[in-house]
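Enquirer: got a sequence here, can you build the structure:
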Amino acid sequence: MAAEKRVFTPAAIDDLLVGWLIHSHKARDRHDEAARRYAWGQYALGIPSLIVSTIVGTSVFAALSSATAPPFWVGLLSMVAAVLAALQTFMDFGGRSDKHRAAAVKYKVSIRLLEESLVQQQEGTPITKDEVDDIRASLDSLEETAPVVMSGIYDRIEQRYKDLQNVSDAVDLYTQTGRLAVGS
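Expert: Numbering: from 1, shown residues only. So this is what the prediction gives:
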């Protein structure tokens, strides 16, 4: 079941930046988790594929040196090895992991930029409309190029943030966890 999406209506630039910051944290969390999941999948398919292929190869060489036909199970393992290798290629867990890891890193960059902008605002140096537009363009570009996150991961991250009613709740969440220190 998809998580409920909330409408975000910031009252000021600070609220807007904090909202984008929260969105960036959520997106980073999603892509970090997706990258880890795909990296795990790469090993989950790759290691059995390697083991089965090695057993088949060794058994075929042993059968060739003894001049007897290889046992039936060698043929079965050979098919299993082929299926595992095909799945590994088709699923491309390594490539998918790398794409999500790259997206997570880009979201981390946006988080640092947003945090810096919030500090600038809090220190009394207003952020300009051009700077806001640049941040928005950067986030929009990131959204367009980031790979799609599996719905299970997406929903899990949304669930983590589900009780947030507005930006101030999110700021409280980050302040309590030490992830964000925004002054009042």
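Enquirer: check which element follows the one helix or strand Asp130 maps to along the chain.
Expert: Taking DSSP states H and E as the definition, one finds Asp130 inside helix 129-145. Per DSSP H and E, the first helix or strand lying C-terminal to helix 129-145 is helix 151-160.
Enquirer: so where do the helices sit in the protein?
Expert: Secondary structure of the chain (DSSP state H): helices at 13-66, 72-91, 93-122, 129-145, 151-160, 167-177.
Enquirer: rebuild those helices as a markdown table, extending it with mean pLDDT and mean neighbour count.
Expert: From N, CA and C alone the C-beta is placed, and that goes for glycine too. What follows is the helices of the chain, written out as a markdown table (pLDDT from 0 to 100; neighbours: other C-beta atoms under 10 Å):
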| stretch | mean pLDDT | mean neighbour count |
| --- | --- | --- |
| helix 13-66 | 88 | 17 |
| helix 72-91 | 85 | 14 |
| helix 93-122 | 94 | 18 |
| helix 129-145 | 95 | 13 |
| helix 151-160 | 91 | 15 |
| helix 167-177 | 56 | 15 |
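Enquirer: which strands and helices lie in contact with the helix holding Asp130?
Expert: Other elements packing on helix 129-145 under the criterion 3 or more C-beta pairs under 8 Å, 6 or more residues apart in numbering; DSSP states H and E are helix 13-66, helix 93-122.
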